[in-house]
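In: Predicted model and sequence below, questions to follow.
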Amino acid sequence: MARRFVPRGMTLIEVLIATALTLMIMLALAQGFKTTSQSISSGRARLTSSDQLRSISTLLRSDLQGLTVSTTVHPQSSKSPNGYFVYYDGPLSDSTAMLFNYVPTGVEIEDKLSASRWSDIDDAMMFTTKARDGQWFYGRVPLALMKIHSGDIATITFQDWVTDVTIASEYAEIAWFMRPLNEVGMLNNPDPQNSNGNYSYSPSSTPVNDVIPVVDLNGDGIPDPDGMPDRVALCRRVMLIRPDLDVSISKLPAVPDDEQLIAAPLPVDLNDADSFRYQMRFAYQRTDLSVRKHWDAANSRFVLKTNSLADLQQPENRFAHYSLPVNANQASLPILALTNEANSNGNYLTMTNLAMSGVNPNNDRGFFPSAFCRTNLVSTGNSTYAVQHTQEEIVASNVVGSTLYPRGRWSLWELDG
């Protein structure tokens, strides 16, 4: 009789071997997909950074091509209304930012890596420029200021102070500068509305707080000792040069008590240097005009005057500049209104003390205050408002440094990632 064939199943060992081989194949496929995905993501990141860098370079080149002063003729004539060009080289450099920031022991490895990525991050460049034909500069000012200019002061209401209108100019004062960002990647908040008009100037005691933020990067509840902000932004501020506009509130028979609302310069305290440093912050927050303070003797108050190219040849009239009183009849030379680092946690101040070999003053060597950046006022009710940073100055939020090469050629700003 024929022998019947009985099929036999796989043994347990064969099943285990087949499963192991399958898992190995799946692992290899997953690793391949991961590598491919990382390569694609890395390529896209490089393309994005390259596009962003190209856009920044094009924007900077366009600004510099319209310079109203010559960078090859020295000295400049003070009689020609040509504006100005200023480059501020902060105490940090490509090497010192890393060396003074590096802590060899006692910290997490990510702190060391975080410190090593920083370069020169405290430089600034400011100048006056002319727009290309057909590509004028645009900015916003409160509607109330335009009504003051036109003489239509009888119709000014609270809503006119919080409503912005767009204006244009062929000439502008432009500032390129770096700003530390807080732990959520935003600028520090501006001053809130203060109903009693009692404004404090000290950055260490008000929401203007501009000291370098210390961020807990590794989540251990202890601020990281690397001494630098978690993120730094490259900012570009454009102030329109419109000397034809008269925005002085001296025309008004009565004005609100709130200096922020009317964009007026704040009063000063002879015993408080910060009152001079931050005196113009509401004017910078509320307008995109190049303005200077002017003493209205008839009403014993400061008012705003718009700058011309000739006015901007005087340093005290430029964006983020101020002078300190020496005595009743003298004042200091105009200096940049940088953040006061004297009351910080010692990080940036300690590093710059090393870089400057203890040379005083030990403040006025930080960054442009976030209180000088543009804000919006949003009406919240009957003659009340809320303040919001627009963040419109930020050109790139992942910058790690900038360098000025010899012969005056600007390098591109370095982007992180």
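Out: Sure, I can see it. This one's a predicted model, so the numbers in the text were calculated from it and none came from an experiment.

In: Can you tell me which helix or strand of the chain has the lowest average pLDDT?
Out: When each helix and strand of the chain is scored by mean pLDDT, DSSP states H and E, strand 414-415 comes last, with a mean of 48.

In: check contacts around Ser248.
Out: Residues in contact with Ser248 (C-beta atoms under 8 Å, 6 or more residues apart in numbering) are Ile148, His294, Asp296, Val303, Leu304, Lys305. C-beta coordinates here come from the backbone N, C-alpha and C atoms, glycine included.

In: 7 Å instead, please
Out: By C-beta atoms under 7 Å, 6 or more residues apart in numbering, the contact list for Ser248 reads His294, Val303, Leu304, Lys305.

In: what do you get for Leu270?
Out: Applying C-beta under 7 Å, 6+ apart to Leu270 gives the contacts Pro325.

In: Doesn't it belong to a strand?
Out: No. Read with DSSP: H, G, I helix; E, B strand; the rest coil, Leu270 is coil and lies in no strand.

In: Tell me the predicted confidence for it.
Out: Leu270 is assigned a pLDDT of 81 by the prediction.

In: Quick check: Met126 vs Phe276, distance?
Out: According to C-beta to C-beta, to the nearest Å, Met126 stands 19 Å off from Phe276.

In: Kindly apply the preceding question to Asp288 instead.
Out: Distance from Asp288 to Phe276, by C-beta to C-beta: 23 Å.

In: Would you map the helices across the stretch 251-400 of the chain?
Out: Under the criterion DSSP state H, counting those that start in this stretch, helices of the stretch 251-400 of the chain are mapped to 259-262, 273-277, 281-286, 347-356.

In: Can you name the residues bridging to Phe127?
Out: Phe127 has these beta-bridge partners by DSSP bridges: Phe85, Ile174.

In: May I have the residues that are in contact with it?
Out: Applying C-beta under 7 Å, 6+ apart, the residues contacting Phe127 are Leu67, Tyr84, Phe85, Val86, Ile174.

In: any idea how far Asp272 is from the closest residue to the fourth one other than its chain neighbours?
Out: Residue nearest to Val86 in three dimensions, not counting chain neighbours: Met126, with 4.7 Å by C-beta to C-beta, 6 or more residues apart in numbering. The span separating Met126 from Asp272 equals 26 Å under the rule C-beta to C-beta.

In: ok, back up a step: ok, the contacts of Phe127 vs Ala45, which is closest?
Out: Checking those against Ala45 by C-beta to C-beta gives Ile174 as the nearest, at 29.2 Å.

In: my read: that closest one touches Ser62, true?
Out: No. In this structure, Ile174 is not within contact of Ser62 by C-beta atoms under 7 Å, at 10.3 Å.

In: So between those two, which is more surrounded?
Out: Ile174 (22 against 13; other C-beta atoms under 10 Å).

In: Model confidence score at that one, please.
Out: The model reports Ile174 with a pLDDT of 97.

In: can you check the one 5 residues further on too?
Out: pLDDT, the model's per-residue confidence, is 83 for Arg179.

In: now Met26
Out: Looking at Met26, its pLDDT is 91.

In: mind checking the SS state of it?
Out: Secondary structure state of Met26, per three-state DSSP, is helix.

In: Would you mind measuring from it to Ala20?
Out: 11 Å.

In: all strands for the stretch 201-350 of the chain, in order.
Out: 231-240, 291-296, 301-306, 321-322, 335-336 (DSSP state E, counting those that start in this stretch).

In: Mind checking these for the one nearest to Val399?
Out: Among the strands of the stretch 201-350 of the chain, strand 231-240 sits nearest to Val399 (C-beta to C-beta), with 4.4 Å.

In: elements contacting the closest one?
Out: The contact analysis (3 or more C-beta pairs under 7 Å, 6 or more residues apart in numbering; DSSP states H and E) places strand 231-240 against strand 137-142, strand 171-181, strand 394-396, strand 399-401.
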